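Asker: sequence unknown, structure follows:
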């Protein structure tokens, strides 16, 4: 289990009390809102509002010209091509604009590039195909802002272009009739964090001459799905889009969403249900095949048509999961066979034929498991390698990759996620370069963090709390589901669930008992037992089963009570710097007494079947991180233990001199210890 640093939010209790009284809301909810940065009445009022205070689309620079260009094209019978993207935001953007234009009588079709064959954004081969189909106007959704050369090519063929996008601007805007992007400095917007489908919706608002509520009633479900999928902040209009969209999905779903709901079997769907059940299926079409199937699903005119298309989405998602499992297992096997790869500051792994639509998901799994940046690269028959990078908050993976650009053919992305293309023979050079950069630029690697909204006593965890928390929904970026810290809980029992894939445990404090589920942690990998005193980070929600409400308490993280995060990350960073540079200090050396502490614990417990970091937390008050790791290495060299995923004691009848092991000899030489 990777270890995260727990960060506790703080709040002005007096302000929270005043806002609670002002808006007649639960004081606890008011406290949470203030702790999340809502420091005035306007912010709280906007967050709690059930109605839309619609932002004028004409506050976007070029919006008037974009609407005029499209209106003239519709009236003039021009052929219009919507150029989309293969992810969920791009698919919903495409379906939204296509449906609206066709309902307005436009001659419109769409084009979404192949993730594998064409990659992201406009490309000249696609433009040629669109030109051959007679298009006179291309409108991009969720892409186009960086397509300067491609835009010029569109005009060289006699077509025109309107760009709608939400990605960051480059140095030069593409040639176009209009460029609509919330990040343009000329905009008069106070809120800029729209996703692609949000920008597309503002475009149809500019085109429409009726009440915007009519557009909301027709399309806000699509806007909600894309907004949830793209993980943009659920504040401002985004929050309204998702709330209104979920209401439409639950109350009056289009055929596609009725099929989705009926297959899920829930009475009411929340943002998390859309994020984890629907969005991956839509994304899977673009990852594994052609995103056109996802567009057709969303636009299906009847239940029977939608049902067949949904089955295809599910099949592609199952295919994606199979590829993901296969690649993840291969990557983990590489890291186990070569611990040096896992010990580096940035994990870079590669494999033949890794599916390019899945490597980003696998990289996210590696980040979660090892709590450090990871890049997973597929190597292909033409000698080219393409990979995806994911990072932890505080380590700018885009800057790190840019610093190694001499090894790359191309790259792009942002601080937490990026993509790279390079020659296969350059992978080792790239791995070395990016880790040298990480060592230069980051004296201390940023730790993975978990934000707690507040500490809470187990007696307050109840159905009433779960019900009051619904005021915070819908959850998403910048408004996550609340996480509470429950401290000094005594574990009473641990039970495996789903054939050991998950665990349920019971704990208590001062007579108050709590049953908690930890998903995604195998029973045999759960390093806590009855009698342990633990701190637990939990999410609280209400589940309905057979018309009865039940309290659900889910563990996000768990640790031994008294764990010192700062000490752990400081000591681990020092040890990893030694592994990379050979720089050490005398505090790292495991004396005979320190080695004895570790070995006695192993003997008393019959070895240690869990992660070595979990062993460290058991011994944190007696040895530091480097002392533990060096002691284990010395035990292994002396034939006392075998170290792998855990530590296994080996039979030994002879006395050994640990100070004669190679690891401790080398360490003494570097430290000048006699």
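Answerer: Sure thing, it's come through. The model shown is predicted, which means the values in this text are computed figures rather than measured ones. Numbering: from 1, shown residues only.

Asker: Find the residue at the geometric middle of the chain.
Answerer: Among the residues of the chain, the one closest to the centroid is residue 364, at 7.0 Å (CA atoms, centre = their mean).

Asker: isn't that residue right up against residue 390?
Answerer: Yes: using CB atoms under 8 Å, residue 364 makes contact with residue 390 at a distance of 4.9 Å. For glycine as for every other residue, the C-beta is placed from the backbone atoms N, C-alpha and C.

Asker: Quick one: mean pLDDT for stretch 624-633?
Answerer: Here stretch 624-633 scores 96 as its mean pLDDT.

Asker: should've said stretch 343-352
Answerer: On average, stretch 343-352 scores 95.

Asker: Also stretch 265-282?
Answerer: 92.

Asker: Quickly find the element holding the nearest residue to residue 403 once chain neighbours are set aside.
Answerer: Taking CB to CB, 6 or more residues apart in numbering, and ignoring the residues beside it in sequence, residue 403 has residue 437 as its nearest neighbour in space, at 4.5 Å. Per DSSP states H and E: residue 437 is located in helix 427-441.

Asker: outside of that helix, which residues touch it?
Answerer: Outside helix 427-441, the residues within contact range by CB atoms under 8 Å, 6 or more residues apart in numbering are 344-346, 348, 350, 373, 375, 377, 379, 385, 395, 399-401, 403-404, 406-408, 420, 422, 445, 577, 580-581.

Asker: Next step: the residues you listed restricted to strands.
Answerer: Secondary-structure check on those using DSSP state E: residues within strands are 348, 350, 375, 377, 379, 385, 420, 422.

Asker: Just the buried ones from those residues, in ChimeraX syntax?
Answerer: To isolate the buried members of the ones in strands among the contacts of helix 427-441 in ChimeraX, using 16 or more other CB atoms under 10 Å:
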select :348,350,375,377,379,385,420,422
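
Asker: What is the nearest of the ones in strands among the contacts of helix 427-441 to residue 215?
Answerer: residue 420 (39.8 Å; CB to CB).

Asker: shouldn't the closest one be in contact with residue 405?
Answerer: No: counting by CB under 8 Å, residue 420 does not reach residue 405; the two are 9.4 Å apart.

Asker: Common neighbours of those two, please.
Answerer: residue 411.

Asker: what does stretch 442-450 contact?
Answerer: Stretch 442-450 has contacts (CB under 8 Å, 6+ apart) with 2-7, 345, 367, 371-372, 392-395, 438, 483, 537, 556-557, 565, 569-570, 573, 576.

Asker: do the same with stretch 304-311
Answerer: 255-256, 258-260, 263, 281, 293, 296-297, 300.

Asker: redo that, cut-off 6 Å
Answerer: The list of residues contacting stretch 304-311 from outside it, by CB atoms under 6 Å, 6 or more residues apart in numbering, reads 255-256, 259, 296-297, 300.

Asker: Buried residues of stretch 475-494, list them for me.
Answerer: Applying 16+ other CB under 10 Å to stretch 475-494 flags 475-476, 478-479, 481-486, 489-491, 494 as buried.

Asker: Columns pLDDT and distance to residue 327 on top of these, output as TSV?
Answerer: Formatted as TSV, the buried residues of stretch 475-494 follow (pLDDT from 0 to 100; distance: CB to CB, whole Å):
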residue	pLDDT	distance to residue 327
475	92	29
476	90	28
478	88	31
479	91	32
481	94	29
482	95	34
483	97	30
484	97	35
485	97	35
486	97	36
489	97	37
490	97	40
491	97	35
494	96	31
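
Asker: Out of those residues, flag the one nearest to residue 590.
Answerer: Nearest to residue 590 among the buried residues of stretch 475-494: residue 491, at 30.0 Å, using CB to CB.

Asker: List the residues that contact residue 38.
Answerer: Neighbours of residue 38 in contact, by CB under 6 Å, 6+ apart: residue 44.

Asker: again, but for residue 269
Answerer: 249-250.

Asker: what's the neighbour count on residue 586?
Answerer: A count of nearby residues for residue 586, using other CB atoms under 10 Å, gives 10.

Asker: and if you look at the one 5 residues further on?
Answerer: The burial count assigned to residue 591 is 13, neighbours taken as other CB under 10 Å.

Asker: hang on, residue 88 packs against residue 227?
Answerer: No: taking CB atoms under 6 Å as the definition, residue 88 is not a contact partner of residue 227, at 9.8 Å.

Asker: okay, the two: which has more neighbours?
Answerer: residue 227 (35 against 31).

Asker: How about the backbone phi and psi for the more buried one?
Answerer: For residue 227, the backbone dihedrals (degrees, to the nearest 10) come out as phi -70, psi -40.

Asker: cool, residue 558 as well?
Answerer: phi -150, psi 150.

Asker: That one bridge partners, please.
Answerer: Assessed by DSSP bridges, residue 558 has beta-bridge partners residue 536.

Asker: got a pLDDT number for it?
Answerer: In this model, residue 558 carries a pLDDT of 97.

Asker: and it, how far is that from residue 96?
Answerer: The gap separating residue 558 from residue 96 is 42 Å, by CB to CB, to the nearest Å.

Asker: higher neighbour count, those two?
Answerer: Remark: of residue 558 and residue 96, residue 96 carries more neighbours, 31 against 24, as counted by other CB under 10 Å.

Asker: Please name the residues that touch the closest residue to residue 129 other than its chain neighbours.
Answerer: Spatial nearest neighbour of residue 129, excluding adjacent residues (CB to CB, 6+ apart): residue 111 at 7.1 Å. Contacts for residue 111 (CB under 6 Å, 6+ apart) come out as 81, 83, 126, 130.

Asker: chain center to the helix or strand that contains the last one: distance?
Answerer: Residue 130 belongs to helix 124-132 when elements are defined using DSSP H and E. A distance of 34 Å separates the C-alpha centroid of helix 124-132 from that of its chain, computed with CA atoms, centre = their mean, to the nearest Å.

Asker: So which bits of that helix are buried?
Answerer: The neighbour-count check on helix 124-132 (16+ other CB under 10 Å) flags 126-127, 130-131 as buried.

Asker: With stretch 71-88 instead?
Answerer: By neighbour count with 16+ other CB under 10 Å, stretch 71-88 contains the buried residues 73-74, 78-88.

Asker: Nearest to residue 198 among these?
Answerer: Nearest to residue 198 among the buried residues of stretch 71-88 is residue 88, at 13.0 Å by CB to CB.

Asker: Next up, the contacts around that closest one.
Answerer: Per CB under 6 Å, 6+ apart, neighbours of residue 88: 229, 279, 282-283.

Asker: Next one: it relative to residue 94, how far apart?
Answerer: From residue 88 across to residue 94, the span is 11 Å (CB to CB).

Asker: And residue 461, by the same measure?
Answerer: When distance is defined by CB to CB, residue 461 is 44 Å away from residue 94.

Asker: Please consider this matter closed, and thank you.
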